[in-house]
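1. What follows is a predicted structure for the sequence shown.
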Amino acid sequence: MASEGDRRADPEVAARRSRLLDSLRLEAEGARGVAIALISTAVFIAAALLAVTHSPGWPEVHRVFFGWHDISSSFPEIARAFELNVKIFLVCEVFILALALLIAVLRSLSGPVFFPLRALAVIYTDLARGVPTILVIALLGFGAPALQLTGVPRSRVFWAGVALVLVYSGYVAEVYRAGIESVHPSQEAAARSLGLSRFQALRRVILPQAIRRVVPPLLNDFIGLQKDTALVGVLGVVEAFNQTQIDSSATFTYGAYLAAAALFVAITIPLARFTDWLVARDRRRRQAAGGFA
Amino acid sequence: MKTAGIAVLMLVVVALAAAACGSSKKSSSSGGGSQSSCAKSDLNLVTSGKLTVGTDNPAFPPWFGGTPKSPWKVSDPRSGQGFESAVAYAVAKQLGFSKDEVEWKHVPFTNSYAPGPKSFDFDINEISYTAARAKVVAFSDSYYDVNQSVVVNKGTPIASVTTVAGLKPYELGAQLGTTSYQLIKNTIKPSKQPSVFPQNTGAVQALKNKQIDGLVVDLPTAFYVTAVQVPNSKVLGQFPATPGGEHFGMVFQKGNSLVRCVNQALTKLRSGGTLKQLQQKWLAKATGAPTLK
């Protein structure tokens, strides 16, 4: 933590610097620590680079993975295919947030009357998290249209989306549940004593606190979802990873893989930074409100 | 004298590089640079005394035949039945190996061109030669000149198409890593994004489900698809041969001196009529499909 004086002089800058130093764990060591860290980092990177570039297979790896022509020539097509990943991700996200919340609420209902609903929610989360995503996608994407029922869509992107929503709702429901259970029971008791109904207490008192607490793990799951859109390729849909493999198999080189990785990272890293920013903003607001959690 | 000295120096450098890298940098696709004899004891093998041959699992007819025995599915490469199995054993015989000295290894297509030491002496898996691919691996000479074709469901609108241009409005699919996909993209240029399936089973299922209108595959595979995999389907036609033609080659580690010996064996099998005979035996059905105009 920065000293009190610093914070008063320019709280915004000091707070930001303090967060950065915290994250690098350099604060305690001071300037000498920074110097040592820089040198050791440089030595480490140099050693790693030397080890890699002097390995026996390096010339071959360099040729097939780092061919600039392979990377740059495959990039535009992969970027176009990546559009589909982004669309799947954005649409699924909305449905996952809604379905998962419903499951989490069902699971946190108390009282013997709701046992069947609770059991259903438990079974659902177990199954959704227990079956590998790629299997669910293949089962639904090839299986559901094979029924040849009228009115059942044949679109593989549709079924892949359904599979992702089902699987990820399992994970996200558990995140919500953790949030709901972290709200002290006295909160509900207080709300009910003010005359709020059970639903109103949930809607106005518990969920707002619960969701705010689980924003980082929620976004964590969405980074995961964003990457898992690559699994849709198993259905033959040309998304980024499938396009990557097409380019790779045409030339037997892997430059396209690097191009695809760059695209995914270009989305996931800003998302991670955005999560950090949200958390920090939330912390500041709560501190401003006098420490109310 | 000076040039001789430089040549010797270069030889030493090349030898050192070869020793250090475990792979030499000869760029000739036939690997003809090495002058070692093709006697069985002189061959450059993964396991001495054995010829290790790679292919994908399941091994599909008509390329492979026989009753499947663990770990092989659908058919058994060790049976000597099916075109590619028969060719592999014929080549092995020419090189002086008995049937027992041939070992088969499961090599998924994408692993066949992965950098690093190969686990097989050669891979025989309906892999088409292209100039780009030959920069990364070594190909044997052709053991089969292949034509591409399109399979459709009987009674669907695409089933009455007779020209290549007529295929344009339909949703087509191919298997990942095949030149069939290149043909869709470069020759047919359809108005809908074609699908690419990582596995043959996925492609076949999508055709069955009518999730795609037509499946582009090599002609012998097309006849297997219509006969066994997709009931009520037919070979709509084959594509006119591309300039220079398309052929399957066995895949070797780049620079492997074994390529020259296998090519010698193939030349003998071709001039002796064995290749033609095997083709008639296993791929006889793969003729007589109408050519798309």
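-> Structure's in. What do you need? Numbering: from 1, shown residues only, chains lettered A, B, ... in the order given.

2. CA only for contacts and neighbour counts going forward, please
-> Fine.

3. Show the pLDDT at residue 48.
-> Unless you meant another one, I'm taking chain A. At residue A:48, the pLDDT value in this model is 94.

4. Please refer instead to chain B.
-> 90.

5. Provide the secondary structure category for it.
-> Of the three states, residue B:48 takes coil according to DSSP: H, G, I helix; E, B strand; the rest coil.

6. That one: what's it in contact with?
-> Residue B:48 sits next to no residue when contact means Cα atoms under 8 Å, 6 or more residues apart in numbering or on different chains.

7. mind checking the backbone torsions on it?
-> Main-chain dihedrals, residue B:48, degrees, to the nearest 10: phi -70, psi 140.

8. where in chain A is pLDDT low?
-> Chain A contains residues with pLDDT under 70 at A:1-29, A:290-293.

9. and it, which residues reach chain B?
-> A:56-57, A:59-61, A:64, A:142, A:145-146, A:148, A:154-156, A:233-238, A:242, A:245-246, A:249-253 (Cα under 8 Å from any Cα of the partner chain).

10. Residue B:215 is in what secondary structure piece?
-> strand B:214-218 (DSSP states H and E).

11. which helices and strands sit right next to that strand?
-> Where contact means 3 or more Cα pairs under 8 Å, 6 or more residues apart in numbering or on different chains; DSSP states H and E, strand B:214-218 is packed against strand B:148-153, strand B:172-175, helix B:179-183, helix B:200-208.

12. so that strand versus strand B:148-153, what angle?
-> 140 degrees (axes from the mean of the first three to the mean of the last three Cα atoms, to 10 degrees).

13. which parts of the helix or strand following strand B:214-218 are buried?
-> On the C-terminal side of strand B:214-218, the closest following helix or strand by DSSP H and E is helix B:219-224. Using 16 or more other Cα atoms under 10 Å in any protein chain shown as the test for burial, helix B:219-224 gives B:219, B:220, B:221, B:222, B:223, B:224.

14. Tell me where the stretch 1-150 of chain B has helices.
-> Per DSSP state H, counting those that start in this stretch, the stretch 1-150 of chain B carries helices over the ranges B:2-21, B:83-95, B:109-112.

15. hang on, the earlier thing: return only those of the buried residues of helix B:219-224 found close to chain A.
-> Answer for the buried residues of helix B:219-224 near chain A: none qualify (Cα under 8 Å from any Cα).

16. Which residue does the stretch 101-250 of chain A have closest to chain B?
-> residue A:236 (4.2 Å; Cα to the nearest Cα).

17. Please give me every residue in contact with that residue.
-> Per Cα under 8 Å, 6+ apart, neighbours of residue A:236: A:242, B:173, B:195, B:196, B:197, B:198, B:202, B:203.

18. related to what we said a few turns ago, show me the two of the buried residues of helix B:219-224 that sit farthest apart.
-> For the buried residues of helix B:219-224, the maximum inter-member distance is 8.9 Å, found between B:219 and B:224 (Cα to Cα).

19. what number of residues lie near residue B:58?
-> 20 (other Cα atoms under 10 Å in any protein chain shown).

20. Do you know the pLDDT at it?
-> We have a pLDDT of 89 for residue B:58.

21. Please tell me how far it sits from residue A:73.
-> From residue B:58 across to residue A:73, the span is 33 Å (Cα to Cα, to the nearest Å).

22. got it, and residue A:193?
-> From residue A:193 over to residue A:73 (counting by Cα to Cα), the distance is 66 Å.

23. Quick check on those two: which one has the bigger neighbour count.
-> residue A:73 (14 against 10).

24. for the host helix or strand of the more buried one, packing partners?
-> Using DSSP H and E, residue A:73 maps to helix A:68-108. Applying 3+ Cα pairs under 8 Å, 6+ apart, one finds that helix A:68-108 contacts helix A:115-130, helix A:156-182, helix A:215-228, helix A:240-251, helix A:255-288.

25. how about a cut-off of 6 Å?
-> On a contact count with 3 or more Cα pairs under 6 Å, 6 or more residues apart in numbering or on different chains; DSSP states H and E, helix A:68-108 meets helix A:115-130, helix A:156-182, helix A:240-251, helix A:255-288.

26. what's whichever helix or strand comes after the first one packed up against?
-> When you say that, I think you mean helix A:115-130. Downstream of helix A:115-130, the first helix or strand assigned by DSSP H and E is helix A:133-146. The elements that helix A:133-146 packs onto, with contact taken as 3+ Cα pairs under 6 Å, 6+ apart, are helix A:156-182.

27. list the buried ones in the helix it packs on?
-> A:156-157, A:159-180.

28. Kindly report the same for stretch A:112-121.
-> A:117, A:118, A:121.

29. Next, work out how far apart residue B:112 and residue B:54 are.
-> Residue B:112 sits 8 Å away from residue B:54, going by Cα to Cα.

30. in the stretch 151-293 of chain B, which ranges drop under the pLDDT threshold?
-> Within the stretch 151-293 of chain B, the stretches with pLDDT under 70 are B:286-287.

31. how about the residues of it near chain A?
-> Selection of the stretch 151-293 of chain B residues close to chain A by Cα under 6 Å from any Cα of the partner chain yields B:177, B:195, B:196, B:197, B:209.

32. how about a cut-off of 10 Å?
-> Taking Cα under 10 Å from any Cα of the partner chain, the part of the stretch 151-293 of chain B that reaches chain A is made up of B:173-179, B:181-182, B:193-199, B:202-203, B:205-206, B:208-212.

33. Can you say which of the residues you listed are buried?
-> B:173-179, B:181-182, B:194-199, B:202-203, B:205-206, B:208-212.

34. circling back to that earlier point, would you single out the least confident of the helices of the stretch 1-150 of chain B?
-> helix B:2-21 (a mean of 46).

35. returning to what we had before: what is in contact with residue B:112 and residue B:54 at once?
-> Overlap of the contact sets of residue B:112 and residue B:54 (by Cα atoms under 10 Å, 6 or more residues apart in numbering or on different chains) consists of B:106, B:118, B:119, B:120, B:122, B:123, B:124, B:125, B:251.

36. does the first one really touch residue B:76, like I thought?
-> No. Residue B:106 is not in contact with residue B:76 according to Cα atoms under 10 Å; the separation is 11.3 Å.

37. what residues do the two have in common as contacts?
-> Contacts common to residue B:106 and residue B:76, judged by Cα under 10 Å, 6+ apart, are B:57, B:58, B:59.

38. quick check: domain ranges of chain B?
-> What automatic domain parsing lists as the domains of chain B is B:32-145+B:246-283, B:148-238.

39. Among those domains, which comes closest to residue A:93?
-> domain B:148-238 (24.8 Å).

40. Can you measure across the closest one, start residue to end residue?
-> 6 Å.

41. contacting residues for residue A:138?
-> Contacts for residue A:138 were tallied using Cα under 10 Å, 6+ apart; they are A:144, A:156, A:159, A:160, A:163, A:231, A:232, A:233, A:234, A:235, B:202.

42. what's around the nearest residue to the fourth one once chain neighbours are set aside, how many residues?
-> The reference is to residue A:160. Spatially, and ignoring its direct neighbours in sequence, residue A:160 is nearest to residue A:137 (5.3 Å; Cα to Cα, 6 or more residues apart in numbering or on different chains). Applying other Cα under 10 Å, we find 26 residues neighbouring residue A:137.

43. where's residue B:210, which helix or strand?
-> With DSSP H and E as criterion, residue B:210 is part of no helix or strand.
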